[in-house]
Structures are given as C-alpha cells and as structure tokens.
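# Quick one, fold the following:
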Amino acid sequence: MNPYRRRVQYYETDGMGIVHHANYIHWMEEARIDFMDQLGYPYARMEAEGVASPVRAMQCAYKKPCAFGDSVDIAVSVRAFNGVVLTIGYEMRRCSDGAVVFEGQSEHVFVGREGRLVRMRRDMPGFCDALEALIPRMSDA
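Below you'll find the model as predicted:
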C-alpha cells in the first residue's frame with residue numbers, strides 16, 4: 001500500500017505555529033479512508049452495503065512537532081483482524097527529513113444499520129481476505 005501524503009495547513013497550527021494535537025487524529029482518518037480505497041473497499045461502498053466501522057479505541061504517541069508547510073507521509077498497516085475488531089497502525093513521517101512525528105493505532109468494529117455487530121467473514125468475505133493478506137505473520141518478523 002502507498003502511504004497517504006498530507007500537507008500541513010495553516011489553520012491546523014496553534015499559536016506557536018505547531019500542528020495542534022487533535023489534527024493528527026483527523027489525519028489518521030484521512031489515511032484510513034485512503035487505505036480502504038487502495039484496498040478496493042472504499043468506505044462509501046461499505047456504507048452503501050449497510051456497514052459502518054466506528055472507532056472502538058485509539059492510541060496516540062506524538063514524537064516530533066510538525067509545522068505549517070510540512071508534508072507528512074502516513075503509512076497505514078493492519079495490525080490485527082479477527083472478523084469483529086480491526087486494529088490499524090499509523091506511522092507519520094515528515095517528508096523533508098524522514099523523522100517519525102507520530103505513531104498511533106485505532107481499533108474498529110463493524111455494525112449494520114440496526115447497530116448490531118456484523119459478521120464480516122460471512123457478509124464481506126472479500127474484504128476479510130484482503131485485510132488478512134496484509135497482517136504480518138510471526139514468520140515474517
């Protein structure tokens with residue numbers, strides 16, 4: 001998968017000219033949507049099929065600051081998927097020097113229109129296969 005590139009906008013910075021911490025969470029979402037597009041399962045398609053994927057948990061580690069005008073590459077990886085919970089990892093690197101500026105993780109569940117958990121293996125097997133192909137195996141490490 002290709003990383004998602006994001007250029008820091010002026011409005012995303014605080015009074016010190018540094019990106020406000022909440023914006024990294026927005027960037028995680030943008031990168032996740034781009035990842036889904038690259039996977040061949042755009043989020044809009046999932047919603048059209050009656051499946052939503054709300055966030056269950058999130059972890060953030062801010063490593064170095066970003067400022068207006070910086071470009072950041074966001075690598076997205078599948079850390080785990082058990083058919084119910086999907087764990088996604090994010091690594092953000094400043095393009096100018098390659099410095100890691102942020103590492104994070106989000107967990108998602110899949111629910112139908114009625115709000116009940118969806119059995120993804122049954123309802124979207126192609127999506128499950130695509131995700132599972134990206135999960136690192138212990139033998140790969």
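# Leaving out the residues flanking it, which one is nearest to Gly112?
Nearest non-adjacent residue to Gly112, counting by Cβ to Cβ, 6 or more residues apart in numbering: Val118, 5.0 Å away. The C-beta positions use only the backbone N, C-alpha and C, and glycine is treated the same way.
# So, low pLDDT: which residues of this protein?
137-141 (pLDDT under 70).
# Going along the chain, name the strands of this protein.
In the chain, the strands defined using DSSP state E lie at 4-7, 51-52, 55-62, 71-81, 85-94, 100-109, 111-112.
# for this structure, what's the longest helix?
helix 22-39 (DSSP state H).
# Who are the packing partners of that helix?
strand 4-7, helix 43-48, strand 55-62, strand 71-81, strand 85-94, strand 100-109, helix 125-132 (3 or more Cβ pairs under 8 Å, 6 or more residues apart in numbering; DSSP states H and E).
# Closest to the centroid, which residue in the chain?
The chain has Arg32 as the residue nearest its centroid, 3.3 Å off, counting by Cα atoms, centre = their mean.
# and that residue, what does it touch?
Counting by Cβ atoms under 8 Å, 6 or more residues apart in numbering, Arg32 touches Val76, Ile88, Ser106.
# Can you tell me how far the last one is from Asp70?
To tie it back to what came earlier, the one meant is Ser106. 22 Å (Cβ to Cβ, to the nearest Å).
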